[in-house]
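S.K.: Sequence plus predicted model, see below.
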Amino acid sequence: MNLDDLAEKAEEYRARDAGITHEVRVCVAAACQSGGSLPVLEALKAECSDGGTCKVKGVGCMGLCSAGPMVAIAPKGGTIPDSILYREVKPHDAVEVLASVGGTPVERLHTPTDQPFFARQQRIVRENSGLIDPESFTGYVAAGGYAGLIKALSEMTPGDVLREMTTSGLRGRGGGGYPTGLKWSTVAKMPADQKYVICNGDEGDPGAFMDRAVLESDPHRVLEGMAIAAYAIGATKGYVYVRAEYPLAVERMELAIRKAKRSGFLGSKIAETQFSFEVEIRLGAGAFVCGEETALMASIEGLRGQPRPRPPYPAEAGLWGYPTLINNVETFANIAPIITHGGEWFAGIGTEKSKGTKVFALAGSIRNIGLIEVPMGMSLREIIEEIGGGCPGGKAFKAVQTGGPSGGCIPAQHLDIAVDYDSLKTLGTMMGSGGMIVMDETCDMVDVARYFMEFCMSESCGKCIPCRTGTWQMHELLDRITKSKGTHKDLALLEELCDVVQATSLCGLGQSAPNPVLSTLRYFREEYEAKLTAE
Amino acid sequence: MPPPAPQPNVRVVTLTIDGKDFSARADETVIELCRENKIPIPSLCYMDGLSIWGACRLCLVEVVGQGRLVAACSTRVAEGMNILTNTERLQRYRRTIVELLFAERNHVCSVCVSNGHCELQWLAQKCGVDHVRVPYRQVRNEVDSSHEMFRLDHNRCILCTRCVRVCDEIEGAHTWDVMGRGSDCRVITDLARPWGESETCTGCGKCVQVCPTGALVKQGTSAGEMVKDQHFLPILARRRHAQ
Ligand SMILES: Cc1cc2nc3c(=O)[nH]c(=O)nc-3n(C[C@H](O)[C@H](O)[C@H](O)COP(=O)(O)O)c2cc1C
Ligand code: SF4
Ligand code: SF4
Ligand code: FES
């Protein structure tokens, strides 16, 4: 199969909807489902049964999760900004919503799409989210899906793919920001008769739900990225590791694997070439540490999910000792567009050292809770005040936590920073996987630090001494300070333990567990001191 | 992780440790080289003959020019490496780690059967830990005396997993495992059943001999009487891996 054959197929799928002029799209990702979007979908389908020029369908996440269930009325092929968007739709709104197709919006439900939340986004990873039916294989292909894979297989050598990845400047979206092209080239160079590709969908940081939305909204895009990776590095087997707390993501991924296989885009002899690639799902059992790559691999092997010393890195000795490529969900979701449009195109987006876009999950004290995708380098102020709409209830912004329990907070005086991997590091925090927890003036920063320490303490795997016992001790000290029972000596001890745990822990969990304490101390030390008691 | 298999025709590298030059086989780890040359490196989870665990973090050393500390037990030597094994910073970290261990469970040395023969005690002395600055956790842990020959006292376990590894890798019984996470971790026999009811335990006592503390001891010993003999391990391990 070549690109022309695929284009023909896509045309054929699109032709099935020839008579349709408008689509009524109902979000069926987890957040909107929990708000009751399935009954809305049913009601709309029932009211629209005359089979006219309008099609009702379930789609993935549109981003404004706090306003769900979301419904969009779009001209066929239109994007979210082209649509009439409705928020908090109930089943009994169905008649009114349908009556507005091609006409004037229902004022009561309408949410403008020219607001910064929609207008300022740039969607690559979430290109199809909210537009296509995540359970439909034909829908993905009709939207241009699998063109990246077919282009790679029919027009490029594995070396070409690696070069394109390096040119793109893409960096891993799982937290570390490791250059993806470099990682792929390393695995590709390893001589081995068996190699593996793993997609890391463990996403355990509190406040993060980016990967979940990608898996629930556009699972084929992740599979396509994995298949391109497998072709480039010479792997024949892949695993998608998803946490079991994401049942909908698991279900949609399973369905996607089955459909891709049936259509010859996975399995043996993909698209009539010599390339074969099988994918299986593995479920995580709810341990944050299993997102760490070596613990994740141990878990896939059926062992206790605990990290091991690196090196050897997975690229050299990974799953069952074989060279293994492990990337994050969002990283894989970037691959197909890079191959389709070229690495140069991707490198043209973002900043000098952080290319492309980043998906962020806005949570906490912010008006627009949900998911956004913006080019790297956008200022934090733009993200929080304009796109996010600032803190609700007229409260003043105090700080935002990035990087979850491994990251740190950024106070108001640094809001003008351009968000990319390196600038966040200079502020003592990190990009992490993309969670942004916004805190307003009512927030107690010592308690924030205590909360994250509690998280690390209960998620520590217990293997190494500094993390296992150090997080317990630090939590104890923080607890004492929040209860106004801590002394200056306790604070000094806390700072010392931060240093020890950071420098000596075995894996990233322990090494970064002190970060929230260190960063709240850096910017809000007076809050700690105000709580101390004399000896 | 299995112990690194010896490779034919390995290269020899030269490196510097605490200002002195050494040569080493390229497949050696830093701790092996240090042991060979009598350079003291504190350790608890490492044991010659068992797989590398890398968990106690006591063996951390500084490599000049490298930001992060590295564990001597899980790091291979490399040409031109410049290692510092005993800086003020390392001493401080080691002391704190030992203190954290003492505070975690109940190591009351005076009444322990391993008193005077305990690796944790020696380590505390060597690292200069004379008092513990962090709060004690004060949690009472169980003692399992169900085995006819041995006893397990969780109060004195430091979770080094030597018992787990020796039982699995040398004896081949795999009676031991670790259960739980974080500070709830504990070693278990079979599927967390009393040791005396274990169907896999062969009663060989290797776990007792390798246990660095008084967590695993022989029944019927009283304070200070439990002396451990670990000489068997490197010999058995070499034979086993040569097979
Ligand atoms: C404690 C801990 C948790 C992690 N959790 C995740 C996770 O949930 N998802 C993820 O993609 N990476 C996670 N990582 C990072 C992975 O180890 C790994 O670096 C990443 O999957 C590599 O993918 P990338 O290069 O595409 O970023 C975690 C790391 C640590 C130390
Ligand atoms: S740092 Fe924490 S989570 Fe990581 S290996 Fe050590 S105990 Fe386990
Ligand atoms: S029982 Fe002894 S050998 Fe086993 S983990 Fe505990 S301290 Fe280590
Ligand atoms: S001896 Fe190296 S970590 Fe324990």
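M.R.: Alright, I've got the coordinates. Ligands and ions are numbered 1, 2, ... in the order given.
S.K.: For chain A, just list every one of the strands.
M.R.: Ranges of strands within chain A are A:22-27, A:54-59, A:71-75, A:84-86, A:110-111, A:196-201, A:237-243, A:278-284, A:324-328, A:357-364, A:370-375, A:397-402, A:408-411, A:435-440, based on DSSP state E.
S.K.: For the fourth one, name the packing helices and strands.
M.R.: For strand A:84-86, the contact count by 3 or more CB pairs under 8 Å, 6 or more residues apart in numbering or on different chains; DSSP states H and E identifies strand A:71-75, strand A:110-111 as packing neighbours. Just so you know, the C-beta spots here come from the backbone N, C-alpha and C atoms, and that holds for glycine as well.
S.K.: Could you report the pLDDT at A:D17?
M.R.: Confidence at A:D17, expressed as pLDDT, is 86.
S.K.: Now do the contacts for it.
M.R.: Listed by CB atoms under 8 Å, 6 or more residues apart in numbering or on different chains, the contact set of A:D17 reads A:K55, A:K76.
S.K.: Check A:S49 too.
M.R.: Neighbour list for A:S49: empty [criterion: CB under 8 Å, 6+ apart].
S.K.: separation between it and chain B?
M.R.: When CB to the nearest CB, to the nearest Å is the yardstick, A:S49 and chain B sit 52 Å from each other.
S.K.: so can I have JSON lines of the strands of chain A showing distance to B:D18?
M.R.: Rendered in JSON lines, the data for the strands of chain A read as follows (distance: least, CB to CB, whole Å):
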{"stretch": "strand A:22-27", "distance to B:D18": "63"}
{"stretch": "strand A:54-59", "distance to B:D18": "64"}
{"stretch": "strand A:71-75", "distance to B:D18": "67"}
{"stretch": "strand A:84-86", "distance to B:D18": "67"}
{"stretch": "strand A:110-111", "distance to B:D18": "67"}
{"stretch": "strand A:196-201", "distance to B:D18": "40"}
{"stretch": "strand A:237-243", "distance to B:D18": "43"}
{"stretch": "strand A:278-284", "distance to B:D18": "43"}
{"stretch": "strand A:324-328", "distance to B:D18": "37"}
{"stretch": "strand A:357-364", "distance to B:D18": "45"}
{"stretch": "strand A:370-375", "distance to B:D18": "50"}
{"stretch": "strand A:397-402", "distance to B:D18": "41"}
{"stretch": "strand A:408-411", "distance to B:D18": "36"}
{"stretch": "strand A:435-440", "distance to B:D18": "44"}
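S.K.: For A:M474, find the nearest of these.
M.R.: A:M474 sits nearest to strand A:408-411 of all these, at 15.0 Å, using CB to CB.
S.K.: Whichever residue of the stretch 201-350 of chain A sits closest to ligand 4 - how many residues pack around it?
M.R.: For the stretch 201-350 of chain A and ligand 4, the shortest gap (CB to the nearest ligand atom) falls at A:P309, measuring 7.8 Å. Taking other CB atoms under 10 Å in any protein chain shown as the neighbour definition, A:P309 ends up with a count of 19.
S.K.: how about the strands of chain A in a markdown table, adding mean neighbour count and distance to ligand 1?
M.R.: Converted to a markdown table, the strands of chain A look like this (neighbours: other CB atoms under 10 Å in any protein chain shown; distance: least, CB to the nearest ligand atom, whole Å):
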| stretch | mean neighbour count | distance to ligand 1 |
| --- | --- | --- |
| strand A:22-27 | 26 | 24 |
| strand A:54-59 | 22 | 25 |
| strand A:71-75 | 22 | 29 |
| strand A:84-86 | 24 | 30 |
| strand A:110-111 | 16 | 31 |
| strand A:196-201 | 28 | 4 |
| strand A:237-243 | 23 | 8 |
| strand A:278-284 | 18 | 9 |
| strand A:324-328 | 27 | 3 |
| strand A:357-364 | 25 | 12 |
| strand A:370-375 | 24 | 16 |
| strand A:397-402 | 26 | 15 |
| strand A:408-411 | 24 | 15 |
| strand A:435-440 | 23 | 11 |
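S.K.: In JSON lines, list those along with mean pLDDT.
M.R.: Putting these into JSON lines (pLDDT from 0 to 100) gives the following:
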{"stretch": "strand A:22-27", "mean pLDDT": "94"}
{"stretch": "strand A:54-59", "mean pLDDT": "93"}
{"stretch": "strand A:71-75", "mean pLDDT": "94"}
{"stretch": "strand A:84-86", "mean pLDDT": "95"}
{"stretch": "strand A:110-111", "mean pLDDT": "94"}
{"stretch": "strand A:196-201", "mean pLDDT": "98"}
{"stretch": "strand A:237-243", "mean pLDDT": "97"}
{"stretch": "strand A:278-284", "mean pLDDT": "97"}
{"stretch": "strand A:324-328", "mean pLDDT": "98"}
{"stretch": "strand A:357-364", "mean pLDDT": "96"}
{"stretch": "strand A:370-375", "mean pLDDT": "96"}
{"stretch": "strand A:397-402", "mean pLDDT": "96"}
{"stretch": "strand A:408-411", "mean pLDDT": "96"}
{"stretch": "strand A:435-440", "mean pLDDT": "96"}
